[in-house]
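A.B. asks: I would like to see how this sequence folds:
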Amino acid sequence: MSSKQPRATQSGGNFKKVIGLFGGISLVAGMTIGSGVYYLGSYVLERTGMHMGTALLCWIVGGIISILGGLCFAELGAAMPVAGGMTTYLSKAYGPLFGFINGFCGFLLTGSGSIAALAMAAVTAFNGVAPMSDMAIKTIAILIILFFTALNLRGVKLGSYVQNFSMVVRVIPLILVIFLGLAFGTETPDLSLVFSADGSQADLGGAIRLIAFATFASLWAYEGWTNLNTVAEEMRNPRRDLPLAIILSMGFITLIYTLFNFAIYRVIPTGEAVSMIESGNLYLGNEVANRLMGSMGHWAVLIGMAIGILGTVNGDCLVFPRTYYAMARDGYFPKVFKNINPTTGVPVEATLASSAVAIILVLLNSLQQLTDLLIFTSAALNLLTIVSVLVFRRKYPNMERPYRVWGGKVTIYITILFFLILLINELISSPRNAVIGLIIPALGVPVYMYFKKVNGGMDYTGDGI
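C.D. replies: Model prediction:
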């Protein structure tokens, strides 16, 4: 099996190779650091029974799992720097049905839903200082989606510049809260590890279940590390820069998230955190800035957070349409999605369709509903892709691999085990969200069969891989 690079010669033009190492780091960090870290800390605390030491451990575990997953994705991306990312890998590893299901889920839920949820989160963040109706929030969210769609239609270079800027700006409120909390916080949080929600003694199984349950809540904050692979074909040196970008960005993000939550614990006592969360005030970091710097600090964090969220919307609008392009290229999505504008190098129709579905999801769902549905489906698809590293090594032993997962198969097996524990535990703990998250993949099967029929039973070829 040849390991030569696929050719991007589809209708109208080619992708432009304009993304370097810093651009790759910016895309990963920009699509990861969004709204999640600001409010998911409250959910992690709740799931641990408000035990701060255990909650902090779960943030670290979530980061380690994401880094391990990133190492596996880096091997795939360095070996196959093609547009489509997970959709291409799953198609090549298991058959076109699996790749189609990933892209189909992205189109109807995980990708478009992420754009919708983040656009709504950017507006909702201001609800505390300027209360808005649900319709007002949805209207502004739709305008945000339209703006970033128009921006990315002008080319990946402009979208990458915006991503670089927002990546730098978005870490400012996080660094501010970390500095304020560590330097001026007066609380001494109890960091003892308690592995039961009620504080009672827990056996090993109970401890694993609680850690898995709370860690799963943190994964939405870490989600984003999978997406650089989707634009690998537009990187200048993907074989070197793609693994480096994933590893460096996710290591940095894990450190920032852990310190951010610890800084909150240094300022807000457990009892007050409980009261805030029970009253619906989930943005504990904003409260830290407000207590230590007054309204100026509160607004600095709020504005920086909003810019960070908007940067993630921009990254999503840039990245996700490349998956739908790859599906159309291989005959399993509307043919018009494989058109690339010869001037801008953008898959225009795929970009417009992605944003249209995101707008529909804004109109039909609340922020919480979207968040709950996204996590389980994303984690399940990530697990399948991680397993595919082993499948590729067996099926295509001669494929050139400029980067191989550090630690070899042991690292891959450990990563698979972690994801299995998280998914099984979530299925038991929150069966409703898990089942709903599995319905859309099931709906994708008949849609796949339709495209297979109209394309004369065409099999996936790997586009030159």
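
A.B. asks: my read: Phe262 touches Gly181, true?
C.D. replies: Yes. In terms of Cβ atoms under 8 Å, Phe262 counts as a neighbour of Gly181; the distance is 7.3 Å. To be clear about C-beta, it is placed using only N, CA and C from the backbone, and glycine gets the same treatment.

A.B. asks: More neighbours: these two, which one.
C.D. replies: Per other Cβ atoms under 10 Å, whichever of Phe262 and Gly181 has more neighbours is Gly181, with 25 against 19.

A.B. asks: Please name the residues that touch that one.
C.D. replies: Phe262, Ala263, Ile264, Tyr265, Arg266, Val267, Val288, Leu292 (Cβ atoms under 8 Å, 6 or more residues apart in numbering).

A.B. asks: swap the cut-off to 6 Å and go again
C.D. replies: Contact partners of Gly181, counting by Cβ atoms under 6 Å, 6 or more residues apart in numbering, are Ala263, Arg266, Val267, Val288.

A.B. asks: neighbour-wise, which of the residues you listed leads?
C.D. replies: Highest neighbour count within those: Val288, with 27 neighbours (other Cβ under 10 Å).

A.B. asks: And the pLDDT at it?
C.D. replies: pLDDT, Val288: 89.

A.B. asks: Need the three-state assignment for the spatially closest residue to Ala197 that is not a sequence neighbour.
C.D. replies: Counting by Cβ to Cβ, 6 or more residues apart in numbering, Ala197 lies nearest to Gly49, which is 3.5 Å off, once chain neighbours are set aside. For Gly49, the assignment made with DSSP: H, G, I helix; E, B strand; the rest coil gives coil.

A.B. asks: same deal with Phe195?
C.D. replies: Per three-state DSSP, Phe195 ends up coil.

A.B. asks: Quick check: chain neighbours aside, which residue is closest to Asn261?
C.D. replies: Excluding the flanking residues, the one nearest Asn261 by Cβ to Cβ, 6+ apart is Gly41, at 5.1 Å.

A.B. asks: In this structure the one you found contacts Ala263, no?
C.D. replies: No. Assessed by Cβ atoms under 6 Å, Gly41 is found out of contact with Ala263, at 10.6 Å.

A.B. asks: how about low-confidence regions in the stretch 251-400 of the chain?
C.D. replies: 367-373 (pLDDT under 70).

A.B. asks: ranges for the helices of it?
C.D. replies: For the stretch 251-400 of the chain, the helices defined by DSSP state H, counting those that start in this stretch occupy 270-278, 284-329, 348-364, 367-395.

A.B. asks: Could you dump these into TSV and include distance to Arg170?
C.D. replies: Formatted as TSV, the helices of the stretch 251-400 of the chain follow (distance: least, Cβ to Cβ, whole Å):
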stretch	distance to Arg170
helix 270-278	23
helix 284-329	3
helix 348-364	20
helix 367-395	19
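
A.B. asks: highest average neighbour count across those?
C.D. replies: Comparing these by mean neighbour count (mean count of other Cβ atoms under 10 Å), helix 284-329 comes out on top with a mean of 24.

A.B. asks: what's it packed up against?
C.D. replies: Applying 3 or more Cβ pairs under 6 Å, 6 or more residues apart in numbering; DSSP states H and E, we find helix 284-329 packed against helix 21-32, helix 86-94, helix 111-124, helix 134-152, helix 156-184, helix 238-267, helix 348-364.

A.B. asks: who wins for proximity to Ile309 among those?
C.D. replies: When the helices and strands packed on helix 284-329 are compared by Cβ to Cβ, helix 111-124 sits nearest Ile309, at 4.1 Å.

A.B. asks: Point out the other elements, helices or strands, that the closest one touches.
C.D. replies: Short answer (3+ Cβ pairs under 6 Å, 6+ apart): helix 111-124 packs on helix 134-152, helix 284-329, helix 348-364, helix 367-395.

A.B. asks: angle of the longest one against helix 238-267?
C.D. replies: Helix 284-329 and helix 238-267 are oriented at 160 degrees to each other (axes from the mean of the first three to the mean of the last three Cα atoms, to 10 degrees).

A.B. asks: sec struct for the residue nearest to Arg236 when sequence neighbours are not counted, please.
C.D. replies: Spatially, and ignoring its direct neighbours in sequence, Arg236 is nearest to Lys17 (5.0 Å; Cβ to Cβ, 6+ apart). Using three-state DSSP, the structure places Lys17 in coil.

A.B. asks: Quick check: the gap between Ala379 and Leu422.
C.D. replies: 6 Å (Cβ to Cβ, to the nearest Å).

A.B. asks: Would you agree the residue nearest to Asn261 falls within a helix?
C.D. replies: Yes. According to three-state DSSP, Gly41 belongs to a helix.

A.B. asks: Would you tell me which of the helices of the stretch 251-400 of the chain gets closest to Asn102?
C.D. replies: Asn102 lies closest to helix 367-395 among the helices of the stretch 251-400 of the chain, at 5.3 Å (Cβ to Cβ).

A.B. asks: now for that closest one, which elements pack on it?
C.D. replies: In terms of contacts (3+ Cβ pairs under 6 Å, 6+ apart), helix 367-395 is packed against helix 52-79, helix 86-94, helix 111-124, helix 408-429, helix 431-454.

A.B. asks: got CSV for the ones you listed, with mean neighbour count and distance to Arg329 too?
C.D. replies: Below are those laid out as CSV (neighbours: other Cβ atoms under 10 Å; distance: least, Cβ to Cβ, whole Å):
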stretch, mean neighbour count, distance to Arg329
helix 52-79, 23, 18
helix 86-94, 26, 9
helix 111-124, 27, 17
helix 408-429, 16, 28
helix 431-454, 15, 12
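
A.B. asks: mind checking how far Ile144 is from Ala358?
C.D. replies: 10 Å.

A.B. asks: Thank you kindly, that will do.
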